[in-house]
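>>> here is a sequence with its predicted model. Questions after.
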Amino acid sequence: MLEFRNIRKSFSGVEVLHGISFQAEPAKIIAIVGENGAGKSTLMRILSGILPDYQGEIFLNNNLLRARTPRAAEQVGISMIHQELNLVQDLSIGENIFLGKEPTMSLGRVNFSKIFEESDKLLHEFKFPFSSKTKVRNLSVGWQQMVEIAKALRQNANVIIMDEPTSALSESEIILLFEKIRYLKSLGKMVLYISHRLQEVFDLADEIVVLRDGNLMGKFETDKISRDELISLMIGREVAEESTAKTGGNSENLLQVHDLTLTHKNRTILSGINFSLQKGEVLGIAGLLGAGRTELLKFLYGEFPADHSGTISFMGESFIPDNPGKAIGKGIIYLSEDRQREGIFQHHQLIFNSSISALAQFSTVGYIHTSTEKEAVNEKFGELNVRKSSMQQKISTLSGGNQQKVLLSRILLLNPRLLLLDEPTRGIDVGAKQDIYQLIEELSGKGISMIVTSSEIPELMWICHRILVLSQGRQTAILESSKTNSREILHFAFQQV
Amino acid sequence: MKKKFTTFIRENEWTKPAFGLIAIFLLCVIFSPVSNKGHLIFLKFDNLTNVLRQVSEIGVISVGMTVVILTAGIDLSVGSVLALTATTTAFGLMDWQLGFILTIILGLVTGSLAGFVNGALSSWGRIQPFIATLAMMTAARGFALFISNNNSRNIGFGEGAAPDSFKIFTSSFLGIPFPVFIFIFVTVIFIFLLRKMRLGRYIYAIGSNEEAARLAGLNVSWIRTSAFVFAGLLAGLAGIIHAAQLYQGNPNDGIGFELDAIAAVVIGGTSLMGGRGTMEGTFIGVLIIGLLSNILGLHGIQKDFQLMLKGAIIVAAVLLQERNWRFTIRWPGK
């Protein structure tokens, strides 16, 4: 039994948790939901000892808990599995499971046979198809996540916290992960599960804890709350869910891809890609993780080094993507799925992050006219509804959704013709997602074409005119959004698996 | 007013080292030896300009080093390049009779070329800057020894020797030595470059997140190379100043200058991880090192102790900057 009593937490004088109290029982899966900045991660980081300074009390089995370090929390049976996994890529599964707690023999030698023997036992219990001697680097992200869970089990964790575990997983991996989470529950463990994806929450959780702006909005049993009720509790306003009438673009062809095949190091990455894109059309790309969605977008941006065959024509001319600079020159711009690693300059100001690609517009002979720059960026920030306190603010101080909007302002400053949006709504809150859907619709109305990927099929059906389905690098279908459904899309996505 | 002031401090990273500089300056005044006439020797005009003159060589190098470090690189070759261009300057004036202008150009081009090779090896050769410039550090020294046949070359003036115009490097205007003007001029130019020019933004961008910079359409290879060219160019300029100050080109000079420059950059608050830091900070870092050497020198404290203190200052400066110390300034009244 875990109890939070009146937990308050401030960052540099700003209170972000305003007295959270609730109880949670073992052998339950408890989802923690809320918009970005609602305080979900903060609360969990307090529990796992990462943030030791807070007011209020946490009781574990009626004992006051005050973990000052993650290690101390682990010792009382609380383990957190982070979004960014903490595994050593070049060590084996077994070595990772025992990292820092290696059994030793005389002279301090590590007892490897014991490590691998015990790990194998654990992996067997977990139905792992790998030996514990496999290097973690060779596992997919999904399986790496399972290694983290095994590690937590090995430490006799009774409370396991998972922060957005599915954000980088494919549909099939998610199914597998859920199986393991349910297994944890059957062992009597408590699983605290942070997620943005409501579908998952309803599929998996026994109870749902809703946070909004650092306040507890309530704890509900999953079957006693509807999806709409949950959303309005999370964002505090009604979400417009009406479907938009999607008329395709205006018949003028912008991009034509004919029989494109990509090979990289003798491995076929993509094959049989055939599609055309009209001005103002939004094409969705669906597929499981590893189906080649990112590779296709990056190739069109000149970022993916691969041999190709087939033809691509852009605005009626043959086009061979070479490097991002040239693609930008043609009005083709890519937005990465990995905001932290490939998007933001985290130590820099909002204006720096926004204008970096478009500086040529604001400068003569290399000299930047800062006032023109500021004006243009400000206008875009206004259009995109970026919530900021000043232009000089560092981008790392913004929430995920607002960071994404800054990156969108970066690509919109370039007057794009074709946007390649890779998971544009990953890891951002419901409100910002709505803003981005609306933006895509507006841009489409202005004649800008888009290719969008998403792991959430309902989202694709919502924003796209047509959906191209990839399965293991092969194009298996192009479907009209209005005439298809998730089941059909999944059917095509699994076709080659 | 209060809010403006605190925002200004927060948003301008160089204010932290600036406080350090003010503190050290005040300490120098307090601990200044007093002349028999009762004046503070430290505060004498001659002494202060002397501080500036002594740091101007390292200062010019540090400016280039800052640019490279901002791109998340490092340039270990600047000391050797300085020795190389000091040597080409002496030989250019004395043996090859190139005259003033051509000799200067020769020095600057030599330095830039070394920088270009560093940049090209790092960018297109995909060799880590540490290794590429380590190779250049060795090779440039070797080339300097080759040119000079292992000897230093003295610079004399007159018929068949150096032209008198070269004396400009040892002259003073308004009591301030010429190299000081060069140092300040170079600093101002590069502050302008980093703050106002596209290239400056790009340099910060590739140091902050190279992957993101490439996806934003920047030509990372050329930007990095240009940073190394600046470092080489400025090392070349420092070599010319060096030769002029000592009236000789010695291929064995400049050993360890790269580390002094890195120290100044770090004291000035620039992160060795790249992407964060300012030229103003480096200017302050250079002055802090200069003031300390000066006050210790005035007290007749020997090099051994000076070096130990310098080590301590580097550690203190980095600790003060890396930790997020909060300075809450309480204003009277509220």
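Structure's in. What do you need? Residues are numbered from 1 along each chain as shown, chains lettered A, B, ... in the order given.
>>> for B:Ser165, which non-adjacent residue is spatially closest?
Excluding the flanking residues, the one nearest B:Ser165 by Cβ to Cβ, 6 or more residues apart in numbering or on different chains is B:Phe100, at 4.4 Å. C-beta: built from backbone N, CA, C; applies to glycine.
>>> and that neighbour, how many residues sit next to it?
B:Phe100 has 15 neighbours, counted by other Cβ atoms under 10 Å in any protein chain shown.
>>> residues contacting B:Ile206?
By Cβ atoms under 8 Å, 6 or more residues apart in numbering or on different chains, the residues touching B:Ile206 are B:71-72, B:213, B:218, B:220, B:223-224, B:274.
>>> ranking by neighbours, what's the top pick from the residues you listed?
In terms of neighbours by other Cβ under 10 Å, the contacts of B:Ile206 top out with B:Thr71 at 29 neighbours.
>>> that residue reaches B:Asn209, doesn't it?
No: counting by Cβ atoms under 8 Å, B:Thr71 sits too far from B:Asn209 to count as a contact (11.6 Å).
>>> still on that earlier bit, A:Gln434: which of the contacts of B:Ile206 is nearest?
Comparing the contacts of B:Ile206 against A:Gln434 with Cβ to Cβ places B:Ala213 closest, at 30.6 Å.
>>> now for the helix or strand hosting A:Ser444, which elements pack on it?
A:Ser444 belongs to helix A:430-445 when elements are defined using DSSP states H and E. Secondary-structure packing of helix A:430-445 (3 or more Cβ pairs under 8 Å, 6 or more residues apart in numbering or on different chains; DSSP states H and E): helix A:227-235, helix A:400-412, strand A:449-453, helix A:457-463.
>>> A:Ala99: neighbour count?
Just to correct that, residue A:99 is Leu rather than Ala. Using other Cβ under 10 Å, A:Leu99 has 14 neighbouring residues.
>>> that one: what's it in contact with?
A:88, A:91, A:151.
>>> angles on the backbone of the residue in the stretch 101-250 of chain A positioned nearest to chain B, please.
Nearest to chain B, among the residues of the stretch 101-250 of chain A, is A:Ala168, at 17.0 Å (Cβ to the nearest Cβ). Per-residue torsions, A:Ala168: phi -110, psi 10 (degrees, to the nearest 10).
>>> just so I have it, where are all the strands in the stretch 151-300 of chain A?
For the stretch 151-300 of chain A, strands defined by DSSP state E, counting those that start in this stretch occupy the ranges A:159-163, A:190-194, A:207-212, A:215-221, A:253-264, A:267-278, A:282-286.
>>> about what we covered before: contacting residues around the helix holding A:Ser444?
For helix A:430-445, contacts defined as Cβ under 8 Å, 6+ apart pick out A:35-36, A:196, A:231, A:234-235, A:239-240, A:244, A:249, A:280-282, A:384-385, A:399-402, A:404-405, A:408, A:412, A:419, A:421, A:424-425, A:428, A:450, A:452, A:459, A:462-463.
>>> if we can go back for a sec, of the helices and strands packed on helix A:430-445, which is nearest chain B?
Ranking those by proximity to chain B (Cβ to the nearest Cβ) places helix A:400-412 first, at 6.9 Å.
>>> and that closest one, what does it pack onto?
Applying 3+ Cβ pairs under 8 Å, 6+ apart, we find helix A:400-412 packed against strand A:332-335, helix A:339-342, helix A:350-355, helix A:370-384, helix A:430-445.
>>> how about these in a markdown table, adding distance to A:Val159?
Formatted as a markdown table, the helices and strands packed on helix A:400-412 follow (distance: least, Cβ to Cβ, whole Å):
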| stretch | distance to A:Val159 |
| --- | --- |
| strand A:332-335 | 37 |
| helix A:339-342 | 27 |
| helix A:350-355 | 38 |
| helix A:370-384 | 39 |
| helix A:430-445 | 27 |
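>>> put together JSON lines for the ones you listed, with mean neighbour count and mean pLDDT on each row.
Formatted as JSON lines, the helices and strands packed on helix A:400-412 follow (neighbours: other Cβ atoms under 10 Å in any protein chain shown; pLDDT from 0 to 100):
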{"stretch": "strand A:332-335", "mean neighbour count": "25", "mean pLDDT": "95"}
{"stretch": "helix A:339-342", "mean neighbour count": "18", "mean pLDDT": "89"}
{"stretch": "helix A:350-355", "mean neighbour count": "25", "mean pLDDT": "94"}
{"stretch": "helix A:370-384", "mean neighbour count": "16", "mean pLDDT": "93"}
{"stretch": "helix A:430-445", "mean neighbour count": "18", "mean pLDDT": "90"}
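>>> for the spatially most central residue of chain B, give its distance to chain A.
Residue closest to the average C-alpha location in chain B (Cα atoms, centre = their mean): B:Ser62, at 2.1 Å. Separation of B:Ser62 from chain A (Cβ to the nearest Cβ, to the nearest Å): 21 Å.
>>> pretty sure that residue sits in a strand.
No: according to DSSP: H, G, I helix; E, B strand; the rest coil, B:Ser62 belongs to no strand; its state is helix.
>>> ok, it touching B:Ala264?
Yes: counting by Cβ under 8 Å, B:Ser62 does reach B:Ala264; the two are 4.3 Å apart.
>>> overlap of the contact sets of those two?
Joint contacts of B:Ser62 and B:Ala264 (Cβ under 8 Å, 6+ apart) are B:282, B:285-286.
>>> how about those residues in a markdown table, adding distance to chain A and pLDDT?
Compiled in a markdown table, the shared contacts of B:Ser62 and B:Ala264 are given as follows (distance: Cβ to the nearest Cβ, whole Å; pLDDT from 0 to 100):
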| residue | distance to chain A | pLDDT |
| --- | --- | --- |
| B:Thr282 | 17 | 95 |
| B:Gly285 | 19 | 93 |
| B:Val286 | 23 | 95 |
